[in-house]
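Engineer: got a structure for you, letters missing:
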């Protein structure tokens, strides 16, 4: 029955994205069903191999209400918006034949996955009950969420760590290990179902940008960049969605033009925008040009400049290979860009349960020589990225002024190559719109 409902929800999502410009947004009830089913599917299909690969047969995840471990939140059922008091989850690998055991050292079950393993009337002390569970199962390695590199994997607070270690029997103390790699693997890996749903997230993001960068919203000489930002925020709210950061809209114009946040004809616009939906996030940057009264299309010199950004995207994604580190991909891409005459900055990152998600950092805007720690993490398949970068181009038509073609699109890395989830921008949007716009593929 669950599989039938799951397929129906995916069907509704896919139908919405093909039948109309803006996909149908699922109701809160539909979203809850999807989130719970995808969690169960991820737990059963991904987690056993991840724990065995990392040599951890018991994973203990601890968080308190309003100070939740980032990983803990990804295991909570849809109707739990936070931990309750102290929530302790124990995942124990009983072996390939028996699979994973999911327990909650809590007064009640945590969703359908984690069964309550604590009766306060029998053992009032929650920590002592946790130690009984550990002792009974006698794990070889106990993973806890500590990490010097990833905030996502460093969710065990100092107080909880001290409590845990003070109650832990001496025989198990040397079995405790940082679960950093397990946390990152869990957070970065996408299932086929999540990949399919990501198409809808990215389509929604693109459609909001397309509307924001249009004559429906922008009146040259009247509308400010801040007006467009708040249109985006209001649009997200009207769709009963959320965003994980405040959008930005900025202007590039000839140096001799007046400086103002009011959008004028001849302006080159750029936005940075993302949404949160179905526990996943997008992060997109696109650009538009405001036509002069005598213009019917974007000037050819600007479109040519824009192509430098597309070329840099191709250079970067061409170096995506399993086992390559973020720093290796960055160095190879920048070297190739220089050879091709592209003045480049690359600052791409994983996306998923977080907008700036766990996984290999491929540069940062202020770290073009490599990123210590997270940049040394290796690329894995079935992961999603914000392909974020800029190419600087001098425009003779603007007295050799340098403009930045700033782009960011969502890409899935699977089967050895990057697939742009809902295509990528290959031409500047024009305001007002003179041609139909669609996002193109590779």
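Structural biologist: Done, it's in. Every value quoted in this text rests on a predicted model; they were computed, and no experiment measured them. Numbers count the residues shown, from 1 in each chain.
Engineer: what's the burial count for the closest residue to residue 360 other than its chain neighbours?
Structural biologist: What sits nearest to residue 360 in space, not counting adjacent residues and going by C-beta to C-beta, 6 or more residues apart in numbering, is residue 326, at 3.4 Å. For every residue, glycine as well, the C-beta is placed using N, CA and C. Using other C-beta atoms under 10 Å, residue 326 has 26 other residues around it.
Engineer: Repeat that for the one 5 residues further on.
Structural biologist: The number of residues packed near residue 331 is 18, by other C-beta under 10 Å.
Engineer: Same question for residue 238.
Structural biologist: For residue 238, using other C-beta under 10 Å, the count is 9.
Engineer: re the thing from before, quick check: the residue nearest to residue 360 vs residue 195, distance?
Structural biologist: Taking C-beta to C-beta, to the nearest Å as the measure, residue 326 falls 21 Å from residue 195.
Engineer: give the contact list for the residue nearest to residue 188 when sequence neighbours are not counted.
Structural biologist: Nearest residue to residue 188, sequence neighbours excluded (C-beta to C-beta, 6+ apart): residue 359, at 4.2 Å. Applying C-beta atoms under 8 Å, 6 or more residues apart in numbering, we find residue 359 in contact with 184, 187, 188, 349, 350, 352, 374, 377, 380, 383, 385.
Engineer: Identify those among these that sit within strands.
Structural biologist: Judged by DSSP state E, the subset of the contacts of residue 359 located in strands is 349, 350, 383, 385.
Engineer: Adding pLDDT and distance to residue 421, write those out as JSON lines.
Structural biologist: Below are the ones in strands among the contacts of residue 359 laid out as JSON lines (pLDDT from 0 to 100; distance: C-beta to C-beta, whole Å):
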{"residue": "349", "pLDDT": "97", "distance to residue 421": "15"}
{"residue": "350", "pLDDT": "97", "distance to residue 421": "13"}
{"residue": "383", "pLDDT": "97", "distance to residue 421": "12"}
{"residue": "385", "pLDDT": "97", "distance to residue 421": "10"}
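Engineer: domain parsing for the chain?
Structural biologist: 47-186, 191-431 (automatic domain parsing).
Engineer: most tightly surrounded among those domains?
Structural biologist: domain 191-431 (a mean of 19; mean count of other C-beta atoms under 10 Å).
Engineer: Go ahead and measure how far it is from the middle of the chain.
Structural biologist: Here the centre of domain 191-431 is set off from its chain's centre by 14 Å, with C-alpha atoms, centre = their mean, to the nearest Å.
Engineer: Next one: the nearest residue to residue 338 once chain neighbours are set aside from residue 60, what distance?
Structural biologist: Nearest non-adjacent residue to residue 338, counting by C-beta to C-beta, 6+ apart: residue 344, 7.5 Å away. As judged by C-beta to C-beta, residue 344 and residue 60 stand 44 Å apart.
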